[in-house]
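A.B. asks: below are the sequence and a predicted model for it; my questions follow.
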Amino acid sequence: MKKFLYVQFAVILLTLACVFSTASADTVVDNSNKLDGEVFNVFNMDPTVSEQELESDLNISSHVQFDFTSSDEVTLKVSSKVYVGTYTLADEVLIVEFEDDGEAQMSIQFENFKQHERNESLYTAIVYDIENDSGEMQELMRDIPLGMLLGFYKVDKDMKINLNEEIFNVFHMNATVSSEELESELITSSSVQFNFTSSDEVILKTGNSEYEGTYTFEDEVLFVEFEDDDTSRMSIEFEDFNQHEVNESLYTAIVSNIENDSGEMPEFMQYITINSYLGFHNIDE
């Protein structure tokens, strides 16, 4: 009888151990997928923002942006700097890590990362820990100190951009341009200009030369192509082509690829290289 009771008691203990083990494993919830494909402008939460403002569409301007390009990859944009890294999100803890040539550059841990109860496009989090092995991110370090409550405002990526009949001066984005300057009317002069004459035709003006070509624009990717006698001469692909969050007449993009089958346009090729971070200033004709 005692032997039976011991066996039964052991079975109960084993069952309880399995239950607690399963419950413990279930407590770590990986929510990384919910950020996949989302873009957030990051800013210092203002405690004086009213509930009425929180319930409306917030007009957030920020030079710090996280673009979660997949379930574990993220791109950090700080002014004109772009950093590519990885991230995890579990139990309201968001950890982002950035490397340079395989060596750790910086990692940031955010705690209490959760959706705001008043605005589904707004998330908040507290900066819990920062490890910085690079001197390049001092600007970001000033903007994101430990203990700060941050807002992550979701950018509407479905906003349609119509380039038809628009003209842009193209220039290298300057990281030293202040928010005040960006909020004012920009005056740009550039030796490179794109004139989108229709829904698929574009004219490139560089110096005293003009080149006619075609373009496509889809999912923030602008692709322009110029031909000579039906022979491909040059094509340029721009990624992350977006309207600037501070100035509606300014767009930004990164040069992701260039193919040149012509010996012409050396000045243009020197001006725009792969990974260049460019500004497109919409001007009146």
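C.D. replies: Structure received. Residues are numbered from 1 along each chain as shown.
A.B. asks: so for the host helix or strand of Thr124, mean pLDDT?
C.D. replies: Thr124 belongs to strand 122-132 when assigned by DSSP states H and E. In this model, strand 122-132 has a mean pLDDT of 91.
A.B. asks: check which residues of that strand are buried.
C.D. replies: Within strand 122-132, the residues that qualify as buried are 122-125, 127, 132, counting by 16 or more other Cβ atoms under 10 Å. Yep, even glycine has a C-beta here, placed from its N, CA and C like the rest.
A.B. asks: and stretch 190-197, by the same measure?
C.D. replies: In stretch 190-197, counting by 16+ other Cβ under 10 Å, buried: 190, 192-196.
A.B. asks: which ones are touching the residue nearest to Val224 when sequence neighbours are not counted?
C.D. replies: In space, and not counting its chain neighbours, Val224 is closest to Tyr215: 4.5 Å by Cβ to Cβ, 6 or more residues apart in numbering. The neighbours of Tyr215, taking Cβ atoms under 8 Å, 6 or more residues apart in numbering as the test, are 163, 196, 200-202, 222-225.
A.B. asks: next, the buried residues of stretch 72-88.
C.D. replies: Neighbour-count burial for stretch 72-88 flags 74-80, 83, 85, 87 (criterion: 16+ other Cβ under 10 Å).
A.B. asks: hey, where'd the strands end up in the stretch 151-285 of the chain?
C.D. replies: 167-172, 192-196, 201-206, 209-218, 221-228, 231-243, 250-260, 277-283 (DSSP state E, counting those that start in this stretch).
A.B. asks: tell me which of those strands sits most buried.
C.D. replies: Across the strands of the stretch 151-285 of the chain, the average number of neighbours (mean count of other Cβ atoms under 10 Å) peaks for strand 277-283, which reaches a mean of 21.
A.B. asks: angle of that strand against strand 221-228?
C.D. replies: If you take axes from the mean of the first three to the mean of the last three Cα atoms, to 10 degrees, strand 277-283 sits at 80 degrees to strand 221-228.
A.B. asks: just to revisit the earlier point, want to throw the strands of the stretch 151-285 of the chain into a markdown table with mean pLDDT and distance to Thr69?
C.D. replies: Shown next, in a markdown table, are the strands of the stretch 151-285 of the chain (pLDDT from 0 to 100; distance: least, Cβ to Cβ, whole Å):
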| stretch | mean pLDDT | distance to Thr69 |
| --- | --- | --- |
| strand 167-172 | 88 | 24 |
| strand 192-196 | 91 | 26 |
| strand 201-206 | 90 | 27 |
| strand 209-218 | 88 | 16 |
| strand 221-228 | 87 | 13 |
| strand 231-243 | 84 | 10 |
| strand 250-260 | 89 | 13 |
| strand 277-283 | 88 | 17 |
